[in-house]
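Enquirer: this is the structure alone, sequence omitted:
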Ligand SMILES: C[S@@+](CC[C@H](N)C(=O)[O-])C[C@H]1O[C@@H](n2cnc3c(N)ncnc32)[C@H](O)[C@@H]1O
């Protein structure tokens with residue numbers, strides 16, 4: 001993409017503050033609902049293993065946190081830090097914050113938390129901030145035996161309808177008719193892994209989740225690829241041992 005095109009794009013990008021009020025309205029936004037359900041399925045299966053180490057437990061861009069209910073059930077909610085750049089999205093986690101989780105309004109790539117203190121980083125649908133700076137921040141924060149669980153819409157799915165010259169945005173049609181363009185950096189597996197490795201991290205596990213795994217008819221926008229093709233890609237990331 002040319003720098004002029006990039007600049008034009010950046011000028012038109014919306015913020016999660018612009019969509020927060022209806023983001024979790026599953027009838028209006030069934031694609032968000034289904035992607036989250038698949039992401040949550042992967043994360044919940046992996047989160048508890050991260051509680052055994054002693055460090056902080058972070059969820060980046062939580063909106064309605066997936067980590068906090070699991071931590072509360074395990075009696076470790078006070079170790080949880082929820083970091084979101086959108087105060088309105090973060091407010092979906094108010095019950096957990098009231099219950100003892102810590103909340104920080106900050107950007108994923110500049111958390112200001114101390115280095116080497118985080119044993120688990122959770123990021124559900126982290127495509128808005130999926131850039132080198134974020135992965136460098138992950139590498140700075142995690143303990144030697146810590147892990148980062150990261151999910152994103154899959155490249156296979158998003159590339160099937162995003163225009164080739166405008167791959168880094170996702171369209172969000174708001175209830176008032178506004179067509180908003182959200183930052184969404186989705187890469188092919190090889191590119192994603194290369195970005196993670198360039199930050200000094202390694203991918204321990206990668207999974208693809210498809211619409212066959214949903215307990216309902218998938219959202220219309222998820223039906224544009226074969227039901228066995230992944231619509232969510234999930235990664236377990238660590239420091240090399
Ligand atoms: C696609 S939503 C996913 C929300 C939630 N994790 C879920 O699965 O339901 C992305 C979230 O990341 C947050 N976000 C976007 N850019 C961010 C950034 N640069 N730093 C921190 N949070 C960010 C948004 O406010 C929003 O809560």
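Expert: Sure thing, it's come through. As the structure is a prediction and not an experimental result, all values here were calculated from the model.
Enquirer: next, the distance between the ends of stretch 44-58.
Expert: 14 Å (C-alpha to C-alpha, to the nearest Å).
Enquirer: let me fix that: stretch 194-208
Expert: End to end - C-alpha to C-alpha - stretch 194-208 spans 18 Å.
Enquirer: may I see the buried residues of that stretch?
Expert: Under the neighbour-count criterion of 16 or more other C-beta atoms under 10 Å, stretch 194-208 has 195, 196, 199, 201, 203, 207, 208 buried. Where you see a C-beta, it was placed from the backbone N, CA and C, and this is true even at glycine.
Enquirer: those residues in strands, which ones?
Expert: Members of the buried residues of stretch 194-208 lying in strands (criterion: DSSP state E): 203, 207, 208.
Enquirer: out of those, flag the one nearest to the ligand.
Expert: For those, the minimum distance to the ligand (C-beta to the nearest ligand atom) is 16.0 Å, reached by residue 207.
Enquirer: the closest one and residue 41 touch, don't they?
Expert: No. Between residue 207 and residue 41 there is no contact, the gap being 9.9 Å when judged by C-beta atoms under 8 Å.
Enquirer: how about the residues of this structure near the ligand?
Expert: 16, 36, 39, 60-64, 84-86, 89, 107-108, 124-125, 128-129 (C-beta under 6 Å from any ligand atom).
Enquirer: so how many other residues sit close to the nearest residue to residue 53 once chain neighbours are set aside?
Expert: Nearest residue to residue 53 in three dimensions, chain neighbours excluded: residue 119, at 3.6 Å (C-beta to C-beta, 6 or more residues apart in numbering). Residues lying near residue 119 (other C-beta atoms under 10 Å) number 21.
Enquirer: just say helix, strand or coil for residue 119.
Expert: strand (DSSP: H, G, I helix; E, B strand; the rest coil).
Enquirer: let me have the buried residues of stretch 194-208 in JSON lines, extended by pLDDT.
Expert: Putting the buried residues of stretch 194-208 into JSON lines (pLDDT from 0 to 100) gives the following:
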{"residue": "195", "pLDDT": "98"}
{"residue": "196", "pLDDT": "98"}
{"residue": "199", "pLDDT": "98"}
{"residue": "201", "pLDDT": "98"}
{"residue": "203", "pLDDT": "98"}
{"residue": "207", "pLDDT": "98"}
{"residue": "208", "pLDDT": "98"}
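Enquirer: kindly reformat those residues as JSON lines containing distance to residue 28.
Expert: Formatted as JSON lines, the buried residues of stretch 194-208 follow (distance: C-beta to C-beta, whole Å):
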{"residue": "195", "distance to residue 28": "33"}
{"residue": "196", "distance to residue 28": "33"}
{"residue": "199", "distance to residue 28": "36"}
{"residue": "201", "distance to residue 28": "36"}
{"residue": "203", "distance to residue 28": "35"}
{"residue": "207", "distance to residue 28": "28"}
{"residue": "208", "distance to residue 28": "27"}
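Enquirer: now, the most widely separated pair of these?
Expert: Pairwise distances across the buried residues of stretch 194-208 (C-beta to C-beta) peak at 22.3 Å, for the pair 199 and 208.
Enquirer: residues in contact with stretch 80-88?
Expert: 15-17, 20-21, 56-63, 65, 67-68, 71, 90, 93, 96-97, 100-108, 111, 113, 129 (C-beta atoms under 8 Å, 6 or more residues apart in numbering).
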